[in-house]
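A.B. asks: Fold the following and give me the result.
(chains A and B)
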Amino acid sequence: MIATIVSWAVVVGLLITASGLLLYRDWRWGIGFLAGQYVGVFWLVLQHWPLGMAAAKLVGGWMATASIGMTLLNLHQQEPTDKYWSQGRSFLLFMIGMAALLAVAAASLIESILPGIGIPVVIGGILLIAMGLLQLGMTTQVLRVILGLLTTLSGFEILYAAMEGSSLVAALLVVINLGLGLVGAYLLTASPEEKAT
Amino acid sequence: MSAPFIWIFIPVTVGGLSLFVARERIATIIGGVTAIILAGAALFVPIDEALGLGSFSVKIASSFQILGRSLTLDSSEAPLLAILFGVAALWFVGAESVGVAKRLTPFGLIIISLLVASIAVQPFLYAALLIELAVLVAVPLLSPADQIPSRGVIRFLIYQTLGMPFILVAGWLSAGVEASPGDLALTIQSTTMLGLGFAFLFAVFPLYNWIPLLMEEGSPYIIGFLLWLLPTITSILVMNFLDRYAWLRTSAQVMSALRVAGLLMVVSGGIWTAFQRHLGRMMAFAAVAETGFILLALSLDPTMGLPIVFLLLIPRGLGLAVWALSLSVMDSDTESLRFSSVQGMARIYPLAATGLILSALSTAGFPLLAGFPPRLALWNALAQQSLGTGLWFLIGIIGLATGAVRMLAVTVMADEKTAWASKESWAQRGMLGIGVIGLFVLGLFPQMANPILNKLPLMFQHLGH
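C.D. replies: Predicted structure coming up:
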């Protein structure tokens, strides 16, 4: 019972972090939201995987976050000047609402395919996939693209944990997350004029 | 010693170490020699059989255990390894002549290793994860540290990454369909997931916009290497799916979907090639059409289609290598590869222009060139099934041929007073010469590759028998 309540709280937390990743204007907030998001992912993955494997996902996610954060810290930062992001906030909020609605609406369908997965797990997974895709569809900025990909993959990993419990898959997914973080760091270094916004 | 150690861990290690090499020549030698040795080993070293070396006897095991799963490369996969590393050697050796060996050798070796691991991993569904890792390694290869990442690189990363989850979920659902074949809803879900996954990985229409973008903005040679390697391995993954799941290979709808996707790529790739005014974008769309040919061959009855898929592999690798090398040679002496910039270049770079035209004609299936035998076989097989499909195929081919003729017209359209010269370096001449001869040899004597190609279907338990 308590685990279910915590899971629902985590879903709400994921909605906040994923929304924050879409709406942030200072990269420090973005990095913070991403790190927080991995805690939620850890909890939902823990519903189906043993603690060790779920913890590996958390640590891998944090390492990816740290690699991006350290890179941004070492770049000379400008204050964000992304006009689109500041002007389109109401639209983004509307889209976040749509994504949340989609996650709730699709939950029962996914539950029927994966009996026993748990509604909070399904909603958390779909929510992150939808928010990540939203991020990917709205920008070509390196940082936001990498955050979008990491968010989408996190959502997928929450759902996939219920389907597959192989250690090799867990290890490869951690490596992919870390690899995405490193690729992001590399691309950010290669595009210093873009900076984080 | 095991086969995965030789063909996966050795190239990864060599690739990793060659990141520290500072000279182009040494990087070329390392890449070329490693790939040639590994191709030769695949041809001559038996797997799971005792190999007598004087008084010693060595046996190379086919499997390697890792985290409870196995990487397995048995003797049936040796011909494919020989082709992969053999064609890769060609790319590595040619890299020095266009100044990209320091980047291509290390990253190229690591990418090939990961993709070989994707063929070896059991269960094969995990291949999608290893392909994704290869994609991540390809990013620094495509986007040098001193260049702003292009839109093409970002889209490449997004599209290829999005493919992985679909394939993994489709694999899981497919096992469910196998257990309960009557469940229509599950079958539809599984097929949809699989279709979306492969649409992203193969860059099926309209998800291929990153290819022309990359060709416009990056090094044609490096992009050509990836355009050869990634679809080749993805097609092996498709064949693994078809081999593993009877419901997939016997489904008329799946085969129709493959045929439609293939035709879309051949026709759209061919038509766009005909109308481009940029040599790089022309190659991009021709590569899209090449992938379409593979999909069309996969849509045929396996006894007929499988040999055609394999027949396409070597000409595709060689054609793209010659095309990319020719473009890179021209690119080094011009602002861009737009028609206005490359007009009349045949007078200054005659061998590069020859390579360009011949590889484009080979892609269009011009007689006497490497692309002709597989396209003829494919066209014949398609026409036997449906005349309409054969006609659409012809439209694609006409588009590709038109592109080649336009290329020819532009590159020879020089001022009469322009003197003939050959500004290619000796290394470039050598590589282009070998490539052009190879295109003719494979076109005139396609049976030369039969000893290797005939064994390739044995990789598959059901498709190959």
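A.B. asks: got the residue ranges for the strands in chain B?
C.D. replies: Secondary structure of chain B by DSSP state E: the strands cover B:50-53, B:56-59, B:63-66, B:69-72, B:121-122.
A.B. asks: of all those, which lies closest to residue B:412?
C.D. replies: Closest to residue B:412 of the strands of chain B is strand B:121-122 (CB to CB; 48.9 Å). C-beta: built from backbone N, CA, C; applies to glycine.
A.B. asks: Quick one: list the elements packing against the closest one.
C.D. replies: Packed against strand B:121-122 by the contact rule (3 or more CB pairs under 8 Å, 6 or more residues apart in numbering or on different chains; DSSP states H and E) you find strand B:69-72.
A.B. asks: Give me the contacts around the strand it packs on.
C.D. replies: Outside strand B:69-72, the residues that touch it by CB atoms under 8 Å, 6 or more residues apart in numbering or on different chains are A:166, A:168, B:3-4, B:8, B:62-64, B:117, B:120-123, B:126.
A.B. asks: So which of those residues wins on neighbours?
C.D. replies: residue B:3 (27 neighbours; other CB atoms under 10 Å in any protein chain shown).
A.B. asks: State the distance from the residue nearest to that one when sequence neighbours are not counted to chain A.
C.D. replies: Spatial nearest neighbour of residue B:3, excluding adjacent residues (CB to CB, 6 or more residues apart in numbering or on different chains): residue B:73 at 3.9 Å. According to CB to the nearest CB, to the nearest Å, residue B:73 stands 17 Å off from chain A.
A.B. asks: from what I can see residue B:73 touches residue B:4, true?
C.D. replies: Yes - at 5.6 Å, residue B:73 counts as touching residue B:4 under the criterion of CB atoms under 8 Å.
A.B. asks: Quick one: find the helix or strand in the chain with the lowest mean pLDDT.
C.D. replies: Just going to use chain A. helix A:83-87 (a mean of 57; mean pLDDT, DSSP states H and E).
A.B. asks: Switch to chain B, please.
C.D. replies: Per mean pLDDT, DSSP H and E, strand B:50-53 ranks last in chain B, at a mean of 77.
A.B. asks: packing partners for it?
C.D. replies: Packed next to strand B:50-53, using 3+ CB pairs under 8 Å, 6+ apart, are strand B:56-59.
A.B. asks: got the contact list for the strand it packs on?
C.D. replies: Applying CB under 8 Å, 6+ apart, the set of residues contacting strand B:56-59 is B:1, B:48, B:49, B:50, B:51.
A.B. asks: try stretch A:115-130
C.D. replies: So stretch A:115-130 is contacted by A:4, A:7-8, A:10-11, A:14-15, A:18, A:37, A:40-41, A:44, A:47-48, A:99-100, A:102-104, A:106-108, A:110-111, A:114, A:151-152, A:154-156, A:158-159, A:162 (CB under 8 Å, 6+ apart).
A.B. asks: thinking again about what came up before, tell me which two in the contacts of strand B:69-72 are the farthest apart.
C.D. replies: Most distant of those, by CB to CB, are A:166 and B:3, 22.0 Å apart.
A.B. asks: from memory residue B:389 sits against residue B:264, does it?
C.D. replies: No - between residue B:389 and residue B:264 there is no contact under CB under 8 Å: 11.8 Å.
A.B. asks: circling back to that earlier point, considering the contacts of strand B:56-59, which is situated nearest to residue B:279?
C.D. replies: residue B:1 (45.7 Å).
A.B. asks: Which residues are in contact with that closest one?
C.D. replies: Listed by CB under 8 Å, 6+ apart, the contact partners of residue B:1 are B:58, B:60, B:61.
A.B. asks: Out of these, which end up buried?
C.D. replies: For the contacts of residue B:1, a burial check counting by 16 or more other CB atoms under 10 Å in any protein chain shown picks out residue B:60.
A.B. asks: Which one among the contacts of residue B:1 sits at the bottom for pLDDT?
C.D. replies: The lowest pLDDT within these belongs to residue B:58, with 82.
A.B. asks: partner residues bridging that residue?
C.D. replies: Beta-bridge partners for residue B:58, by DSSP bridges, are residue B:51.
A.B. asks: Would you mind listing what in chain B touches chain A?
C.D. replies: B:66-69, B:121, B:126, B:129-130, B:132-133, B:136-137, B:139-140, B:143-149, B:151, B:153-154, B:157-158, B:161-162, B:164-165, B:168-169, B:172-173, B:186, B:189 (CB under 8 Å from any CB of the partner chain).
A.B. asks: quick one on the thing from earlier: residues shared between the contacts of residue B:73 and residue B:4?
C.D. replies: residue B:120.
A.B. asks: Tell me who's in contact with the residue nearest to the spatial centre of chain A.
C.D. replies: The centre of chain A sits closest to residue A:151, judged by CA atoms, centre = their mean, with a distance of 2.5 Å. Contact partners of residue A:151, counting by CB under 8 Å, 6+ apart, are A:18, A:21, A:34, A:37, A:128, A:131, A:132, A:135.
A.B. asks: most surrounded residue in those residues?
C.D. replies: Greatest neighbour count in these, by other CB under 10 Å, goes to residue A:128: 32 neighbours.
A.B. asks: which residues touch the closest residue in space to that residue that isn't next to it in sequence?
C.D. replies: Among residues not flanking residue A:128 along the chain, residue A:155 sits closest, at 3.0 Å (CB to CB, 6+ apart). Contacts for residue A:155 (CB under 8 Å, 6+ apart) come out as A:124, A:125, A:126, A:127, A:128, A:129, A:130, A:131, A:132.
A.B. asks: now, among those, which is nearest to chain B?
C.D. replies: residue A:129 (8.2 Å; CB to the nearest CB).
A.B. asks: following the helix or strand hosting the closest one, which helix or strand comes up?
C.D. replies: Assigned by DSSP states H and E, residue A:129 belongs to helix A:119-138. Per DSSP H and E, the first helix or strand lying C-terminal to helix A:119-138 is helix A:142-161.
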